[in-house]
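Chemist: Got a sequence here, can you model it:
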Amino acid sequence: MKDAHLKVRENLALRIRENPEMPRDIVIHLANDHERVSLPILEASKVLSDADLINIIDSSREVSKLLAISKRPQVSGRVSDALVET
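Modeler: Next up, the predicted model:
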């Protein structure tokens with residue numbers, strides 16, 4: 001059953017990753033989820049602010065999540081600095 005829940009969240013993340021109208025609290029929750037869920041959100045969601053991304057960088061030392069953030073189409077200087085400092 002746990003795998004089914006993960007698969008549902010993973011599919012949700014894939015569908016909403018580029019939707020700028022998604023509620024921020026949902027996007028942040030998914031961005032902090034299992035990497036299969038979080039990576040599409042971290043790479044593409046425009047809902048996440050620089051502050052959100054920096055909080056995720058500071059709280060997660062998972063290399064896959066840091067790489068996903070670095071793959072975003074645009075990364076600000078603040079976010080880039082936070083990535084370099086990890």
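
Chemist: Residue 8 is in contact with residue 36, correct?
Modeler: No. When contacts are counted by Cβ atoms under 8 Å, residue 36 is not listed as touching residue 8 (11.3 Å). Where C-beta positions appear, they are placed from N, C-alpha and C, glycine not excepted.

Chemist: Same drill for these two, tell me which one is more crowded.
Modeler: The residue with more neighbours, out of residue 36 and residue 8, is residue 36; 14 against 11, by other Cβ atoms under 10 Å.

Chemist: Looking at that one now. What's its pLDDT?
Modeler: Looking at residue 36, its pLDDT stands at 95.

Chemist: quick one, what contacts it?
Modeler: Neighbour list for residue 36: 6, 10 [criterion: Cβ atoms under 8 Å, 6 or more residues apart in numbering].

Chemist: Next secondary structure element downstream of the helix or strand encompassing it?
Modeler: Secondary structure from DSSP states H and E places residue 36 in helix 35-44. For helix 35-44, the following helix or strand on the C-terminal side (DSSP H and E) is helix 50-59.

Chemist: Now do the helix or strand just after that following helix and helix 50-59, the angle between them.
Modeler: Sequence-wise, the next helix or strand downstream of helix 50-59 (DSSP H and E) is helix 63-70. Going by axes from the mean of the first three to the mean of the last three Cα atoms, to 10 degrees, helix 63-70 is angled at 160 degrees with respect to helix 50-59.

Chemist: Any idea how far helix 63-70 is from the middle of the chain?
Modeler: Here the centre of helix 63-70 is set off from its chain's centre by 8 Å, with Cα atoms, centre = their mean, to the nearest Å.
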